[in-house]
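Engineer: This is a predicted model, with the sequence first.
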Amino acid sequence: MAEIVYLNGRLVPHFEAKLSPFDHGFLYGYGLFETMRAYNGRIFRLDSHITRLRCSAESIGLTHSVLTTDEGKQTLKAACMGTLEANELKDARIRLTVSAGEGDMTPDTGTCPSPTVLITARNLVPLPPEKYETGFKAAVSFLRRNSQSPLSRLKSTCYMDNILARTAARAAGYDEAIFLNEQGYLAEGSTTNVFLVSRGELITPCFESGVLPGITRDAVLQMARTSNIKATERWVQLNELVEAEEAFLTNSILELMPLVSVEGRTIGTGKRGKLTGDLLFAYRKLVDEALELDRRKP
Ligand SMILES: Cc1ncc(COP(=O)(O)O)c(C=O)c1O
């Protein structure tokens, strides 16, 4: 069966989807995306993903009605679900990409009258349960996150730093690359947010450090606060991570992945920590509950 993609209002086989050679997403990386996870045919936190995309779009001047109106929001949500269903997928990775669209050959977004909206979905096979016991090993990238750049807080299609850092880390045998910011403070992973546990307190770098406001990061902070676990967002030093009792990485696909070493230095016991395990369990319960509520909606 041909993969079906959503492109600018239509569901089409992927080989019929044509993007303009003058698309500013392609020419200049002027675009945003969301990566979402579907469980049993439902997309977890779909609304939050669309809201983040629309806030980010507004902040970079993408103001087409599909990105600003309530009707546009419903269109995007229905399009994500439609792409999932058209591909007959249950457990999937869904990517929603919005670029400035077709425009002039010069980098002037004013010449792009309407955005390109593309949605793709593929079957997702999660990492094996053992990986959630043994965890990820991370390298510290030589590239720095610029805490002053809006790019640090957007899920933008300018993903070059992330790709270079991730590729170098993987080539050296690590699972993930971690960015410090230009001031040397901990920022985030190439595709993840970072948490550490110190004296029983959950700590994650604050937005000002130059991190994406992760949907999973937000869910973890909410869960911690409702469970009376002290959770703090602040500037974090790299040595605090290395000396932490436990640590983990978050994103929508991985959920919570234990982080067991940085640059070969073991964190805690070198295995999944107790709080990490508890929070992973609670996160999966949260997913189940949210999807059950969604299923019951008329
Ligand atoms: C750079 C970066 N930070 C953090 C995240 C985690 O974001 P979320 O939890 O919304 O998936 C991602 C997601 O891919 C990312 O690319």
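Structural biologist: Received, thanks.
Engineer: Going by C-alpha atoms from here, please, whenever you check contacts or count neighbours.
Structural biologist: Fine.
Engineer: and Arg295, how many neighbours?
Structural biologist: For Arg295, the neighbour count with other Cα atoms under 10 Å is 11.
Engineer: how about the residues of the stretch 51-200 of the chain near the ligand?
Structural biologist: 188-193 (Cα under 6 Å from any ligand atom).
Engineer: Among these, name the buried ones.
Structural biologist: Among those, those scoring as buried are 188-193 (criterion: 16 or more other Cα atoms under 10 Å).
Engineer: Tell me which of those fall in strands.
Structural biologist: Among those, the members found in strands (DSSP state E) are 188-189, 193.
Engineer: wait, which of the residues you listed is closest to Arg295?
Structural biologist: Set against Arg295, the nearest of these by Cα to Cα is Asn193 (29.0 Å).
Engineer: can I assume that closest one is in contact with Val211?
Structural biologist: Yes: Asn193 is in contact with Val211 according to Cα atoms under 8 Å; the separation is 7.4 Å.
Engineer: list residues touching both of those two?
Structural biologist: Common contact partners of Asn193 and Val211 (Cα atoms under 8 Å, 6 or more residues apart in numbering): Ala187.
Engineer: Run through the bridge partners of the nearest residue to Arg295 once chain neighbours are set aside.
Structural biologist: Of all residues not flanking Arg295 in the chain, Arg42 sits nearest, at 8.0 Å (Cα to Cα, 6 or more residues apart in numbering). Counting by DSSP bridges, Arg42 is bridged to Tyr39.
Engineer: Arg42: what's it in contact with?
Structural biologist: Here Arg42 is in contact with 81, 90, 291, 294-295 (Cα under 8 Å, 6+ apart).
Engineer: Can you list which of those are found in helices?
Structural biologist: Using DSSP state H, the members of the contacts of Arg42 that fall within helices are 81, 291, 294-295.
Engineer: and those as CSV, adding pLDDT?
Structural biologist: Formatted as CSV, those follow (pLDDT from 0 to 100):
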residue, pLDDT
Met81, 97
Leu291, 89
Asp294, 85
Arg295, 84
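Engineer: among the residues you listed, which ones are buried?
Structural biologist: Applying 16+ other Cα under 10 Å to these flags 81, 291 as buried.
Engineer: Looking at the ones in helices among the contacts of Arg42, spot the one nearest Ser149.
Structural biologist: Looking across those and measuring by Cα to Cα, the closest to Ser149 is Met81, at 32.6 Å.
Engineer: the bottom helix or strand of this structure by mean pLDDT?
Structural biologist: Using mean pLDDT, DSSP states H and E, the weakest-scoring helix or strand in the chain turns out to be helix 65-68, at a mean of 91.
Engineer: list the helices and strands that one packs on?
Structural biologist: helix 46-59, helix 70-86 (3 or more Cα pairs under 8 Å, 6 or more residues apart in numbering; DSSP states H and E).
Engineer: Report the central residue of the chain.
Structural biologist: The centre of the chain sits closest to Asn251, judged by Cα atoms, centre = their mean, with a distance of 5.2 Å.
Engineer: quick one: that residue from Ser190, how far?
Structural biologist: Using Cα to Cα, to the nearest Å, Asn251 is found at 10 Å from Ser190.
Engineer: Which residue ranges of the stretch 151-298 of the chain form strands?
Structural biologist: 176-181, 186-189, 193-198, 201-205, 231-234, 246-251, 255-262, 265-266 (DSSP state E, counting those that start in this stretch).
Engineer: CA-only coordinates of stretch 151-168, as PDB, when you get a sec.
Structural biologist: Extracted in PDB, the C-alpha atoms of stretch 151-168 (Å, rounded to 0.1, in the frame of the first residue of the first chain):
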ATOM      1  CA  LEU A 151      15.600  28.900  17.300                       C
ATOM      2  CA  SER A 152      16.500  27.300  20.700                       C
ATOM      3  CA  ARG A 153      12.900  27.600  21.800                       C
ATOM      4  CA  LEU A 154      11.200  26.500  18.500                       C
ATOM      5  CA  LYS A 155      10.900  23.100  16.900                       C
ATOM      6  CA  SER A 156      12.200  24.600  13.700                       C
ATOM      7  CA  THR A 157      13.100  22.900  10.400                       C
ATOM      8  CA  CYS A 158      16.600  24.400  10.900                       C
ATOM      9  CA  TYR A 159      17.700  21.200  12.500                       C
ATOM     10  CA  MET A 160      21.300  21.300  11.300                       C
ATOM     11  CA  ASP A 161      23.000  21.700  14.800                       C
ATOM     12  CA  ASN A 162      20.800  18.900  16.100                       C
ATOM     13  CA  ILE A 163      21.700  16.600  13.200                       C
ATOM     14  CA  LEU A 164      25.400  17.300  13.400                       C
ATOM     15  CA  ALA A 165      25.500  16.700  17.200                       C
ATOM     16  CA  ARG A 166      23.400  13.600  17.000                       C
ATOM     17  CA  THR A 167      25.400  12.100  14.100                       C
ATOM     18  CA  ALA A 168      28.700  12.800  15.800                       C
END
